[in-house]
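Peer 1: pasted the sequence and its predicted model underneath.
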Amino acid sequence: MIPRYQKIVVLVLLVLSIGMATVLVRLRERAHDRLLKGEDLAPTTAPAVAPAEPATLLIANDMDGGMVTETQSLPLPKDGEARARALVEKLLEMYAEPGANHPVPGVPRAVLQVFLLPEPESKAPLSPSGGQLAVVNLAGGFADGHPSGILTEALTIESICGTLHANLPQIAEVRFLVDGQPRATLAGHADLTRTYLTADLSQPPGTANPN
Amino acid sequence: MRFFAAAMLMGLLAHAGSAQSPVSNQKFVVVLDAAHGGDDSGGQVGASGGGTAVSEKTMTLALSVRLRSLLTARGFTVVTTREGNVNVTADARAQIVNHGTAATNGSSACLSLHASASGSGVHIFVSSLAPALPARFLPWKTAQSAYIDRSLRLAGIVNSALEHTSVAGGGSVNGAEAGTVGTGTGPIPATLGRATLPGVDSMTCPAVAIEMAPIRGADRKVVTDVTDPAYQTQLVEALAAAMLEWKTDLETDSPRAGGSQP
């Protein structure tokens, strides 16, 4: 003989179970509806491409150790950091092309990020116009594959700095990271631990004698 | 007492003599810094012209040994930063250079030897530090700033020596006679530049970095690679001639050479 109180407990639990199952089914249906509604709102056309605009690239030349200024029409993002990254990526793509005057093996996504930071306060008097420090984070594959040599490494560094300054004049200083970490040299010679001042880059690293 | 007075007089006379020509009476020291070494092989050179690749550390050591022999034969006191395949940090190189040239009162030179497969000819680099006034104590990382003016003069003399050099032998790469295209009848094409050079930036003497690269023709193809014995001989002889010129320059211009020593 089952006591009466046990019958009541079983009945209450059964009612609660049915109620919870009903609520779960309703919640699932509502989530499904939300997903369907989200799909309806997804864009059906490709995002608009940024309009092409002139960009100045400083292209290095290993033969004479100099750099030439080249203006190209490039679709550049409006955001400063994305713009700086696109410029350096384009520069390094040109170095990876066959027959480049400054050959550097290319890797996919050679520039991981470019961060633009306000210059340290201690240097503010040097650039009263509110200069910025650009931190260029290069891919380890790019640095590992870079040709070794004082001239070739200096040209890569200085063409990156010069290109950034030519297009984003507020960049007064440039520092380099490789895979997010400080690295002593690019490929055994060029010092990556120092801060490069873009104002010092009016002269390319090398000047050939008239031979 | 009489002996003491005579000794004092002799000392004063000796001091007066050295003050008149501080450089000529002092030891002239050349420091040769063969870059890389040990675990740090540097780049690979010598394969651009189809030859066998050689590590930069081996090439720089070979150049250092040949140049040391030439300079010693010409009466120079030569100090080297390494004599074998050993690790030497940039700071240790600067320490060796600074100790080796400490007593020379500026009558010295340091040649940091490098090799590269990129570029053409010989690249001559001076530290990109801004010139600074000499001081008794110099910051380690930027000690070279007090010697920039003299390092630039030294670079000019090395460049001039390369312009006036001539082919020493008949080495060839890819069937081309050494020096027939890239070097003409003699001069090695040279590139002068400024760069941040760890190690050199801490040296307290006139210092330049010499980077030997293949000589390329107008079509950018390698005419003479760095492993060419004739090219190497031509370079070390030009550097030895430059050291002689630099020493003569200091001897004839001693007030300037000694005057800016911190």
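Peer 2: Cool, the structure landed. Numbering: from 1, shown residues only, chains lettered A, B, ... in the order given.

Peer 1: please report the distance of the residue positioned nearest the centre of chain A from A:R83.
Peer 2: For chain A, the residue sitting closest to the mean C-alpha position, by C-alpha atoms, centre = their mean, is A:Q113 at 2.4 Å. Between A:Q113 and A:R83 the computed distance is 13 Å (C-beta to C-beta, to the nearest Å). For glycine as for every other residue, the C-beta is placed from the backbone atoms N, C-alpha and C.

Peer 1: also B:S151?
Peer 2: Taken as C-beta to C-beta, the span from B:S151 to A:R83 is 39 Å.

Peer 1: neighbour count for the two, which is higher?
Peer 2: Remark: of B:S151 and A:R83, B:S151 carries more neighbours, 26 against 21, as counted by other C-beta atoms under 10 Å in any protein chain shown.

Peer 1: which helix in chain A has the most residues?
Peer 2: For chain A, the helix that runs over the most residues, judged by DSSP state H, is helix A:4-41.

Peer 1: so after it, what's the next helix or strand?
Peer 2: The helix or strand immediately downstream of helix A:4-41 is strand A:52-61, counting by DSSP states H and E.

Peer 1: and the helix or strand hosting B:Q95, what other elements does it pack with?
Peer 2: Per DSSP H and E: B:Q95 is located in helix B:90-100. For helix B:90-100, the elements it packs on are strand B:29-34, strand B:77-80, strand B:108-115, judged by 3 or more C-beta pairs under 8 Å, 6 or more residues apart in numbering or on different chains; DSSP states H and E.

Peer 1: any part of the last one near chain A?
Peer 2: Same thing as strand B:108-115. Yes - Strand B:108-115 reaches chain A (C-beta under 8 Å from any C-beta of the partner chain) through B:H114.

Peer 1: partners of that strand in the sheet?
Peer 2: When pairing is defined by DSSP bridges, strand B:108-115 lines up against strand B:29-34 (parallel), strand B:207-212 (parallel).

Peer 1: helix B:90-100 and that one, what's the angle between them?
Peer 2: 150 degrees (axes from the mean of the first three to the mean of the last three C-alpha atoms, to 10 degrees).

Peer 1: hey, C-alpha coordinates of strand B:108-115 in CSV?
Peer 2: Below are the C-alpha coordinates for strand B:108-115, written out as CSV (Å, rounded to 0.1, in the frame of the first residue of the first chain):
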residue,chain,number,x,y,z
SER,B,108,94.3,53.7,-33.9
ALA,B,109,91.6,52.2,-36.1
CYS,B,110,89.1,49.4,-35.9
LEU,B,111,87.9,47.5,-38.9
SER,B,112,84.9,45.4,-38.3
LEU,B,113,84.8,42.8,-41.1
HIS,B,114,81.6,41.4,-42.6
ALA,B,115,80.5,39.6,-45.7
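
Peer 1: which of the residues in stretch B:33-44 are buried?
Peer 2: B:D33, B:A34, B:A35, B:H36, B:G37, B:S41, B:G42, B:G43, B:Q44 (16 or more other C-beta atoms under 10 Å in any protein chain shown).

Peer 1: got the residue ranges for the strands in chain B?
Peer 2: Here chain B has its strands, by DSSP state E, at B:29-34, B:44-45, B:54-55, B:77-80, B:108-115, B:122-127, B:172-173, B:176-177, B:190-195, B:207-212, B:215-216, B:222-224.

Peer 1: I misspoke; the intended subject was chain A.
Peer 2: Using DSSP E, strands in chain A cover A:52-61, A:66-75, A:111-118, A:132-138, A:171-178, A:196-197, A:206-208.

Peer 1: just send those back as CSV, with distance to chain B too.
Peer 2: Listed next are the strands of chain A as CSV, based on distance: least, C-beta to the nearest C-beta, whole Å:
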stretch, distance to chain B
strand A:52-61, 9
strand A:66-75, 9
strand A:111-118, 21
strand A:132-138, 16
strand A:171-178, 12
strand A:196-197, 8
strand A:206-208, 4
